[in-house]
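J.: compute the structure for the input listed below.
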Amino acid sequence: MESYAITQNPKISCEILEILAKDANRVVRAAAKERLGNIAVIHDL
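T.: From the prediction side, this is the model:
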């Protein structure tokens, strides 16, 4: 599951995570959305 591994890479851009958030695999979508949510929280601090 390469796409899932990509979502776990801390150097992946938000743009790539947004693409992966629309992936056909629900696990990949969930992981990408979680990372995007975490990034948004960090930016709000």
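J.: give me the phi and psi angles of the residue nearest to the spatial centre of the chain.
T.: Geometric centre of the chain, nearest residue: Ala32, 2.3 Å, by C-alpha atoms, centre = their mean. Here is the backbone geometry of Ala32 (degrees, to the nearest 10): phi -70, psi -40.
J.: the helix or strand bottoming out on mean pLDDT in the chain - contacts with which helices or strands?
T.: Ranked by mean pLDDT, DSSP states H and E, the weakest helix or strand in the chain is helix 26-44, scoring a mean of 89. Applying 3 or more C-beta pairs under 8 Å, 6 or more residues apart in numbering; DSSP states H and E, one finds that helix 26-44 contacts helix 2-7, helix 14-20. The way it works is simple: take the backbone N, C-alpha and C, and place the C-beta from them, glycine included.
J.: Asn38 is nearest to which of these?
T.: helix 14-20 (10.0 Å; C-beta to C-beta).
J.: okay, that closest one in PDB with CA atoms only?
T.: The C-alpha trace of helix 14-20 is given here as PDB (Å, rounded to 0.1, in the frame of the first residue of the first chain):
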ATOM      1  CA  CYS A  14      -0.600  19.500   1.600                       C
ATOM      2  CA  GLU A  15      -1.300  19.400  -2.200                       C
ATOM      3  CA  ILE A  16      -0.400  15.700  -2.300                       C
ATOM      4  CA  LEU A  17      -2.400  14.900   0.800                       C
ATOM      5  CA  GLU A  18      -5.400  16.600  -0.800                       C
ATOM      6  CA  ILE A  19      -5.100  14.300  -3.800                       C
ATOM      7  CA  LEU A  20      -4.700  11.300  -1.600                       C
END
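J.: how about it: buried residues?
T.: If you call a residue buried by 16 or more other C-beta atoms under 10 Å, then helix 14-20 has these buried ones: 16-17, 20.
J.: go on, stretch 28-36?
T.: In terms of neighbour count (16+ other C-beta under 10 Å), stretch 28-36 has its buried residues at 28-29, 31-33, 35-36.
J.: what about stretch 4-22, distance to the chain center?
T.: Centre-to-centre, stretch 4-22 and its host chain are 4 Å apart (C-alpha atoms, centre = their mean, to the nearest Å).
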